[in-house]
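> Sequence first, predicted coordinates after that:
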Amino acid sequence: APPEFLQTGFGITLDPMDLDSGLAVNVSGDVPSSPPPGTSKRAPHSIIIGVRKGGTRALLEMLDIHPEVAAAATEVHFFDWDENYAKGFEWYRDLMPYSYPHQITVEKTPGYFTSALAPERICAMNSSIKLLLILRDPAERVISDYTQVYFNRLENHKPVQAIENLLVRNGALNVRYKAIQRSLYDIHMRNWLRHFPLEQIHIVDGDALIHDPLPELQKVERFLNLPPRIVSSNFYFNQTKGFYCIRSDGRERCLHESKGRPHPAVNSTVLQQLRSYLQEHNRTFFRLVKRTFDWQ
Ligand SMILES: Nc1ncnc2c1ncn2[C@@H]1O[C@H](COP(=O)(O)OS(=O)(=O)O)[C@@H](OP(=O)(O)O)[C@H]1O
């Protein structure tokens with residue numbers, strides 16, 4: 001059953017200090033005390049730059065099925081957090097997994113997409129790096145973002161409020177709400193296109209990845225020049241979870257329970273206000289990326 005969304009009278013602003021807690025169960029076993037012979041830690045060849053709640057964890061875990069992919073275990077937040085960036089490139093590289101020369105290293109940090117400085121900093125590291133961006137319906141993404149913050153606040157015994165109280169201020173859509181700001185894909189995309197050509201940014205359709213992951217993964221394999229190795233038997237639909245889960249190396253695993261949470265029902269008038277506000281931004285985004293998506 002959907003969680004009960006509490007009405008409170010607190011005039012709080014939601015804090016986005018919530019990290020991805022969606023590591024797949026039983027990812028790769030224990031960390032080896034000494035690196036396997038012939039491996040080293042290398043800067044990423046590709047980065048999943050976002051968007052937050054777009055399906056970044058699912059994309060990384062599914063891509064990690066590929067034998068020629070080595071995925072970073074945690075979100076690194078190197079290019080979007082000044083305190084981490086100040087630690088320097090060697091600090092960053094040390095957080096990468098050990099990989100063989102024939103493998104490519106991939107990290108994901110959803111906050112990069114909406115960070116003002118990440119594009120310039122990533123470009124300074126490697127101007128020919130291949131970027132992966134997974135997007136979903138931006139209105140749905142707002143609700144997912146709210147839901148994540150809602151549960152984090154509950155866990156931390158902080159007050160929560162109904163999504164409508166955040167989406168609407170003084171009778172009008174509260175466009176300063178961070179969850180809405182992050183869904184203005186055109187604005188963030190412009191910033192990336194100042195530093196990278198469009199061909200270097202592959203957009204994964206996050207809604208399609210939920211309903212049928214294989215075709216989206218096959219497109220990513222082609223974009224990364226990887227031989228096709230991910231196959232339909234790598235995925236199975238888990239009825240209880242309501243999402244696809246992963247089968248590889250003789251093991252089956254679903255993403256953490258924080259991925260694929262039920263969303264609250266949103267007042268239809270408010271939702272309509274949100275959708276019509278996003279519509280113009282979506283159209284601009286479609287022009288920028290020379291492609292359309294099934295968003296209203
Ligand atoms: N296979 C599978 N299993 C579970 N969840 C899946 C899957 N594929 C995509 N998704 C969607 O991923 C959403 C979470 O996105 P992110 O991993 O990018 O979130 S985060 O920004 O890292 O917190 C998450 O959002 P919510 O549904 O709001 O929980 C899911 O809709």
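All right, it came through fine.

> Am I right that residue 236 sits in a strand?
Yes - checked against DSSP: H, G, I helix; E, B strand; the rest coil, residue 236 lies within a strand.

> So for it, what's the pLDDT?
pLDDT for residue 236: 98.

> my guess is it meets residue 244, correct?
Yes - with contact defined as C-beta atoms under 8 Å, residue 236 reaches residue 244; the gap is 7.0 Å. All C-beta spots, glycine's among them, are computed from the backbone N, C-alpha and C.

> Those two: which is more packed in?
A count of neighbours by other C-beta atoms under 10 Å puts residue 244 above the other of residue 236 and residue 244, at 22 against 13.

> Next up, the contacts around the more buried one.
Residue 244 sits next to 210, 213, 235-238 when contact means C-beta atoms under 8 Å, 6 or more residues apart in numbering.

> Give me the phi and psi angles of residue 245.
phi -120, psi 170 (degrees, to the nearest 10).

> from what I can see it touches residue 256, true?
No - contact criterion C-beta under 8 Å: residue 245 and residue 256 do not qualify, at 11.4 Å.

> Those two: which has the busier surroundings?
Neighbours were tallied for residue 245 and for residue 256 using other C-beta under 10 Å; the higher tally belongs to residue 245 (20 against 15).

> Of all residues in this protein, which one is nearest the centre?
residue 56 (3.0 Å; C-alpha atoms, centre = their mean).

> quick one, what contacts that one?
By C-beta under 8 Å, 6+ apart, the neighbours of residue 56 are 20, 48, 50, 108, 110, 134.

> swap the cut-off to 7 Å and go again
Shown in contact with residue 56 (C-beta atoms under 7 Å, 6 or more residues apart in numbering): 48, 50, 108, 110, 134.

> Tell me how far residue 66 lies from residue 182.
Distance, residue 66 to residue 182, using C-beta to C-beta, to the nearest Å: 29 Å.

> between the contacts of residue 56, which is nearest residue 288?
Checking these against residue 288 by C-beta to C-beta gives residue 50 as the nearest, at 15.5 Å.

> The ligand next: which of the contacts of residue 244 are close?
Among the contacts of residue 244, the ones lying near the ligand by C-beta under 6 Å from any ligand atom are residue 210.

> Tell me the one of the contacts of residue 244 nearest the ligand?
residue 210 (4.5 Å; C-beta to the nearest ligand atom).

> For that closest one, which three-state class applies?
Secondary structure, three-state DSSP: residue 210 is helix.

> ok, how many other residues are close to it?
Each residue near residue 210 was counted by other C-beta under 10 Å, and the total is 16.

> residue contacts, it?
55, 243 are the contacts of residue 210 under C-beta under 7 Å, 6+ apart.

> export stretch 115-127 as CSV, just CAs?
Extracted C-alpha coordinates of stretch 115-127, given in CSV (Å, rounded to 0.1, in the frame of the first residue of the first chain):
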residue,chain,number,x,y,z
SER,A,115,25.7,21.2,-11.1
ALA,A,116,26.9,24.5,-12.6
LEU,A,117,30.6,23.5,-12.4
ALA,A,118,30.6,19.8,-13.3
PRO,A,119,30.6,20.2,-17.1
GLU,A,120,33.6,22.5,-17.1
ARG,A,121,35.5,20.3,-14.6
ILE,A,122,34.8,17.0,-16.4
CYS,A,123,35.9,18.6,-19.6
ALA,A,124,39.1,19.7,-18.0
MET,A,125,39.8,16.1,-17.0
ASN,A,126,38.9,14.6,-20.3
SER,A,127,37.3,16.5,-23.1
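
> Give me every residue in the stretch 1-150 of the chain lying close to the ligand.
When proximity is defined by C-beta under 6 Å from any ligand atom, the stretch 1-150 of the chain lies next to the ligand at 20, 22, 52-58, 110, 144, 147-148.

> Tabulate these (CSV), appending pLDDT.
Formatted as CSV, those follow (pLDDT from 0 to 100):
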residue, pLDDT
20, 62
22, 50
52, 98
53, 98
54, 98
55, 98
56, 98
57, 98
58, 98
110, 98
144, 98
147, 98
148, 97
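
> re earlier: for the contacts of residue 244, which two are the farthest from each other?
Using C-beta to C-beta, the two most remote members of these are 210 and 236, lying 14.3 Å apart.
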